[in-house]
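J.: okay, sequence plus prediction incoming.
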Amino acid sequence: MAHSLKDIAAALGAEAFGAVDLLVHGAAEPAAAGPDDLALAMTPAYGDALAKGNARVAVVWPGADWQAMGLEGVIIAPRARLAMSGLTQMLDPALPGKGISAHAVIDPSATIGENVVVGAFTVVGAGAIIGDECWIGDHVSIAAGVTVGSGSTLHAGVRLQRHVRLGHGVHLHPNVVIGGDGFSFVTAQPSNVEKARETLGEGATAVVDDPTWYRIHSLGGVVIGDDVEIGANSCVDAGTIRATKVGGGTKIDSLVQVGHNVIVGENCLLCAQAGVAGSTVIGDRVVVGGKAGIADNVTVGDDVVLGGGSVVLSNVPAGRVMMGYPATKMQTHIDSYKALRRLPRTLRDLAKR
């Protein structure tokens, strides 16, 4: 679908200049843009690339001399990534499908709202409730009694287990699993890992009489707040007795693990391959970098930022920026790293004395 430059600018809350009635059919990087594309040259770093493409119109940074670049029209975007959010939403085509596929299996006792799309080979269990305007892809399984809030999107392969409740506008990407059993096991006698925690690793491990790991079942389910988005192949495990919770507005990347009994606050960001162990509490607006890990039974305060690869082993006060393993304040980690880098030179200098 074609859009005029002025319509795009209006949707973004931005300003358009030049040939504002020109139509574009899509967006492209500057060097690859054709005459019907909107080139995305939102910072000066992309300015030179415009000459390599054939764009007539572009989104440019404030102060850009767009006429000297040979452009016929522009949109000025003071905050580039925010403009990208609105622009990509505007250009993204609607999800396909209409109504309920003849190949879906829906229990007669399930409640399906208005204007719901259900894909082929999707199964909806007894007593499940699907709100209005939901889009559910192929091969999705929704267990008995699950609630899916209105306006939610469940892509192919999503699995919602028992005792799961999704808020409104939840977006689950392919193969997300919500409500699987938590990783919770116990031995008849104290295990070696329990002894290691008590003694901080002092003493040797030993063979126990009964090495069997007895499974603790997860009965608590999961509650997901409004406007939560979870990336492909991520998992949120069910709580043992009470529900695992993810607060409204939180965004979770692909390949993230949220353990049983965890509470994640509102408007948090959990990046790829992050892991949150059981019974941890994460405050509001926390950012967890890629491959970061948070140990079980700790509390991370509001507005904390954890750098990529950080490992949190103890409570973190609100407002801290943390890095490293174990995670420490960012400046402390940087100072320690610098000192470690200087250590070989220091040792060489000492050896000469």
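T.: Thanks, I have it.
J.: and residue 296, that one's in a helix?
T.: No: assignment of residue 296 by DSSP: H, G, I helix; E, B strand; the rest coil gives coil, placing it outside any helix.
J.: how about the strands in the stretch 251-353 of the chain?
T.: 251-252, 257-258, 263-264, 269-270, 275-276, 281-282, 287-288, 293-294, 299-300, 305-306, 311-312, 321-323, 328-329 (DSSP state E, counting those that start in this stretch).
J.: quick one: the nearest residue to residue 150 once chain neighbours are set aside from residue 156, how far?
T.: Spatial nearest neighbour of residue 150, excluding adjacent residues (Cβ to Cβ, 6 or more residues apart in numbering): residue 131 at 3.3 Å. The way it works is simple: take the backbone N, C-alpha and C, and place the C-beta from them, glycine included. Distance, residue 131 to residue 156, by Cβ to Cβ, to the nearest Å: 20 Å.
J.: same question, residue 313
T.: According to Cβ to Cβ, residue 313 and residue 156 sit 38 Å apart.
J.: show me which of these two is the more surrounded one.
T.: residue 156 (17 against 12; other Cβ atoms under 10 Å).
J.: so for that one, what's the pLDDT?
T.: For residue 156, the pLDDT comes out at 98.
J.: who does residue 251 bridge with?
T.: residue 229, residue 269 (DSSP bridges).
J.: that one contacts residue 271, doesn't it?
T.: No: Residue 251 lies out of contact with residue 271 (Cβ atoms under 8 Å); the separation is 9.3 Å.
J.: out of those two, which sits in the more crowded spot?
T.: Taking other Cβ under 10 Å, residue 251 and residue 271 do not tie; residue 271 has more neighbours (20 against 15).
J.: so what's that one closest to, chain neighbours aside?
T.: Spatially, and ignoring its direct neighbours in sequence, residue 271 is nearest to residue 290 (4.2 Å; Cβ to Cβ, 6+ apart).
J.: contacting residues for the one you found?
T.: The contact partners of residue 290, taken as Cβ atoms under 8 Å, 6 or more residues apart in numbering, are 253, 271, 272, 273, 274, 308, 309.
J.: distance of the third one relative to residue 254?
T.: In other words, residue 272. 6 Å.
J.: ranges for the helices of the stretch 51-200 of the chain?
T.: Along the stretch 51-200 of the chain, counting by DSSP state H, counting those that start in this stretch, helices occupy 80-91, 192-199.
J.: would you format the ones you listed as TSV with mean pLDDT included?
T.: TSV is the format used below for the helices of the stretch 51-200 of the chain (pLDDT from 0 to 100):
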stretch	mean pLDDT
helix 80-91	87
helix 192-199	84
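J.: okay, these, which one's buried deepest?
T.: helix 80-91 (a mean of 14; mean count of other Cβ atoms under 10 Å).
J.: quick revisit: for the contacts of residue 290, work out which two are farthest apart.
T.: Pairwise distances across the contacts of residue 290 (Cβ to Cβ) peak at 14.4 Å, for the pair 253 and 309.
J.: the more surrounded of these two?
T.: residue 253 (19 against 16).
J.: doesn't residue 275 make contact with that one?
T.: No: Residue 253 is not in contact with residue 275 according to Cβ under 8 Å; the separation is 11.8 Å.
J.: quick check: which ranges of the stretch 51-200 of the chain have low pLDDT?
T.: Residue ranges of the stretch 51-200 of the chain with pLDDT under 70: none are present.
J.: go again with 90.
T.: Scanning the stretch 51-200 of the chain for pLDDT under 90 picks out the ranges 51, 77-94, 97, 189-200.
J.: in space, what's closest to residue 164 - neighbours in sequence excluded?
T.: Computed as Cβ to Cβ, 6+ apart, the closest residue to residue 164 that is not its neighbour in sequence is residue 179, at 4.3 Å.
J.: distance check, residue 164 against residue 348.
T.: Distance from residue 164 to residue 348, by Cβ to Cβ: 60 Å.
J.: how about the residue nearest to residue 150, phi and psi?
T.: Here is the backbone geometry of residue 131 (degrees, to the nearest 10): phi -70, psi 180.
J.: sounds good, over and out.
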